[in-house]
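Asker: Show me the folded form of this:
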Amino acid sequence: MVIRATRLGFVAALALAGVALSSCAKEESGTRTLQLWTIGREGEAVQQLLPEFEHEHPGLHVEVQQLPLTAAHQKLLTAYAGDSTPDITQLGNTWIPEMVALGALEPLDARVKASKVVDPADYFPAIWSTNVIDGTLYGVPWYVDTRLLFYRKDLLAKAGYDHPPRDWAEWQAMMAKLAQPRGKAYGVLLPTNEFEQLLSLALQQPDPLLRDNGRYGNFQSPGFKKALAFYVSLFKDDQAPMMTNVGVGNPWAAFGQGFYAFYLSGPWNIGEFRKRLPPEQQGDWATTPLPGPDGPGASNAGGSSLVIYRASKHKDDAWALIEFLSRPAIQERFYQILGDMPPRRSSWTAPALRDDDKAAAFRDQLERVKATPPVAEWERIVTEMQLVAAQAAHGDLTIDQAAAEIDRRADRLLEKRRWMLDHGHKATP
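Answerer: Residues are numbered from 1 along each chain as shown. Got it, this is the predicted structure:
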């Protein structure tokens with residue numbers, strides 16, 4: 001035991017000496033390295049913007065690590081557990097509550113208050129709110145993601161409509177006409193393994209999805225059951241095909257072939273439809289805000305934010321990068337490179353967005369988005385919600401049975417949160 005401890009002490013001393021020498025070398029060379037982790041294609045896009053940032057900050061180098069989407073969540077948790085977090089990372093806004101509960105993120109209120117670049121009033125309010133946990137700001141929105149309708153204008157015109165749907169009743173009437181012949185064509189594509197579509201419909205209701213400060217599910221509320229009933233009816237009436245996104249194969253080709261006329265999806269599909277549909281069909285499709293039960297409806301406040309880890313040794317540099325990436329001109333370039341939509345209203349005055357008729361509906365929808373409950377367990381809850389909803393769509397559960405089952409599963413996932421809150425502790429994942 002003594003020998004082992006002595007060796008460990010010697011190794012630790014060497015390691016500390018190495019760190020000191022490394023730090024001296026960096027100080028002597030006048031360079032600093034800022035670690036930025038991104039998720040998916042954003043890493044490729046941001047690297048095209050970084051030379052300008054590094055030119056503005058001599059001696060500072062940004063090292064980008066791209067995480068695959070399927071492994072990003074686990075990688076971030078592993079990095080925290082191993083005390084090896086980066087300085088700054090892209091974080092899905094539904095992941096922020098979990099990282100805050102772990103105590104991993106640096107509060108940003110003071111930095112925003114002193115900033116001449118980041119103006120909270122310029123951001124879409126619901127998007128900004130996803131970064132505020134218990135009254136404290138932990139992230140700055142980087143890009144936004146919401147869902148609305150892509151639709152075939154030409155097919156609607158043939159059915160006698162010169163406008164997109166304005167509420168659920170009109171939307172359902174359109175789909176009933178378009179879903180002909182029955183079983184061969186459909187009104188809308190709603191992949192049964194994706195939760196975002198049902199979630200968007202549920203967010204249009206007045207009832208919250210969780211109750212009692214996030215202690216329990218609220219899926220047996222009248223509002224959620226109304227959304228679930230509407231969702232399930234589309235499958236029962238053959239207005240939506242009973243298939244997953246894997247089963248549909250190529251949704252863009254199916255859209256072009258008229259297999260369905262509406263597609264409830266996100267902004268990345270603007271680029272996909274422009275790329276995948278033939279030139280002669282480019283005038284046949286459009287986008288429109290999501291209709292609600294009685295008029296224009298809400299949708300989900302999704303997207304990614306930029307956060308700084310508490311353990312970062314370069315917090316001022318990390319904030320400088322956040323400010324750089326938050327400039328409207330930089331957000332415009334980011335959109336042109338990748339198609340990710342900016343979270344600031346002023347960024348939407350850029351010609352690339354202002355003059356794009358397909359993007360205009362997203363600008364409208366972003367004024368009517370709602371944040372999901374800010375609890376660490378949310379992504380697991382919404383996954384269970386969709387698993388049960390698919391059973392209801394198949395006819396295996398009634399609406400009441402499905403709502404009760406979703407509540408049961410949500411309450412089970414929230415059990416630890418309840419215990420922590422009821423015993424005066426901060427809720428942890």
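Asker: So, low pLDDT: which residues of the stretch 1-150 of the chain?
Answerer: 1-29 (pLDDT under 70).
Asker: Can you show me the strands along it?
Answerer: Taking DSSP state E, counting those that start in this stretch as the test, the strands found in the stretch 1-150 of the chain are 32-39, 60-67, 88-92, 132-133, 136-137, 140-145, 148-152.
Asker: would you turn the ones you listed into CSV with mean neighbour count and distance to residue 164?
Answerer: Placement of C-beta: from N, CA and C, glycine included. Shown next, in CSV, are the strands of the stretch 1-150 of the chain (neighbours: other CB atoms under 10 Å; distance: least, CB to CB, whole Å):
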stretch, mean neighbour count, distance to residue 164
strand 32-39, 20, 32
strand 60-67, 16, 37
strand 88-92, 25, 29
strand 132-133, 19, 33
strand 136-137, 16, 36
strand 140-145, 24, 21
strand 148-152, 24, 6
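Asker: quick one: buried residues of stretch 387-399?
Answerer: 388-393, 397, 399 (16 or more other CB atoms under 10 Å).
Asker: for stretch 331-346, same thing?
Answerer: Neighbour counts using 16+ other CB under 10 Å place 331-335, 337-345 of stretch 331-346 among the buried residues.
Asker: that older thread, between which two of the buried residues of stretch 387-399 is the distance greatest?
Answerer: Greatest spatial distance in the buried residues of stretch 387-399: 390 and 399, 13.6 Å, computed using CB to CB.
Asker: Please look at residue 112 and residue 118 and confirm they touch.
Answerer: Yes. Between residue 112 and residue 118 there is a contact at 5.2 Å, judged by CB atoms under 8 Å.
Asker: Now for these two: what residues contact both?
Answerer: Common neighbours of residue 112 and residue 118, using CB atoms under 8 Å, 6 or more residues apart in numbering, are residue 140.
Asker: For the nearest residue to residue 195 once chain neighbours are set aside, grab the count of nearby residues.
Answerer: Spatial nearest neighbour of residue 195, chain neighbours left out: residue 386 (3.8 Å); criterion: CB to CB, 6 or more residues apart in numbering. The number of residues packed near residue 386 is 20, by other CB atoms under 10 Å.
Asker: same check, this time on residue 183
Answerer: Using other CB under 10 Å, residue 183 is surrounded by 9 other residues.
Asker: Would you quantify the distance from it to residue 264?
Answerer: Plainly put, residue 183 is 21 Å away from residue 264 if you go by CB to CB, to the nearest Å.
Asker: for residue 347, same thing?
Answerer: For residue 347, the distance to residue 264 - CB to CB - is 25 Å.
Asker: Phi first, then psi, for residue 265.
Answerer: phi -150, psi -170 (degrees, to the nearest 10).
Asker: That one bridge partners, please.
Answerer: residue 148 (DSSP bridges).
Asker: what's near enough to touch it?
Answerer: By CB under 8 Å, 6+ apart, the residues touching residue 265 are 147-148, 150.
Asker: which of the residues you listed lies closest to residue 375?
Answerer: Distances from residue 375 to the contacts of residue 265, taken by CB to CB, are shortest for residue 147, at 21.1 Å.
Asker: Correct me if wrong: that closest one contacts residue 300.
Answerer: Yes. Checked against CB under 8 Å, the pair residue 147 and residue 300 is within contact range at 5.9 Å.
Asker: what residues do these two have in common as contacts?
Answerer: Joint contacts of residue 147 and residue 300 (CB under 8 Å, 6+ apart) are 196, 200.
Asker: circling back: which single one of the buried residues of stretch 387-399 is nearest to residue 239?
Answerer: When the buried residues of stretch 387-399 are compared for distance to residue 239 (CB to CB), residue 393 wins out at 11.6 Å.
Asker: Identify the residue nearest residue 80 in space, chain neighbours excluded?
Answerer: Closest residue to residue 80 apart from its sequence neighbours, by CB to CB, 6+ apart: residue 104 at 5.0 Å.
Asker: And residue 390, by the same measure?
Answerer: Per CB to CB, 6+ apart, closest to residue 390 is residue 192, 4.5 Å.
Asker: any idea how far residue 174 lies from residue 119?
Answerer: From residue 174 across to residue 119, the span is 40 Å (CB to CB).
Asker: More neighbours: the two, which one.
Answerer: The neighbour comparison of residue 174 against residue 119 (other CB under 10 Å) goes to residue 174, with 25 against 13.
Asker: May I see the buried residues of whichever strand or helix holds the more buried one?
Answerer: Element membership of residue 174, judged by DSSP states H and E, is helix 168-178. Of the residues in helix 168-178, 168, 171-172, 174-175, 178 count as buried by neighbour count, 16+ other CB under 10 Å.
Asker: from those, which two are the most distant?
Answerer: Greatest spacing in these, by CB to CB: 168 and 178 (15.3 Å).
Asker: No further queries at this time; thank you.
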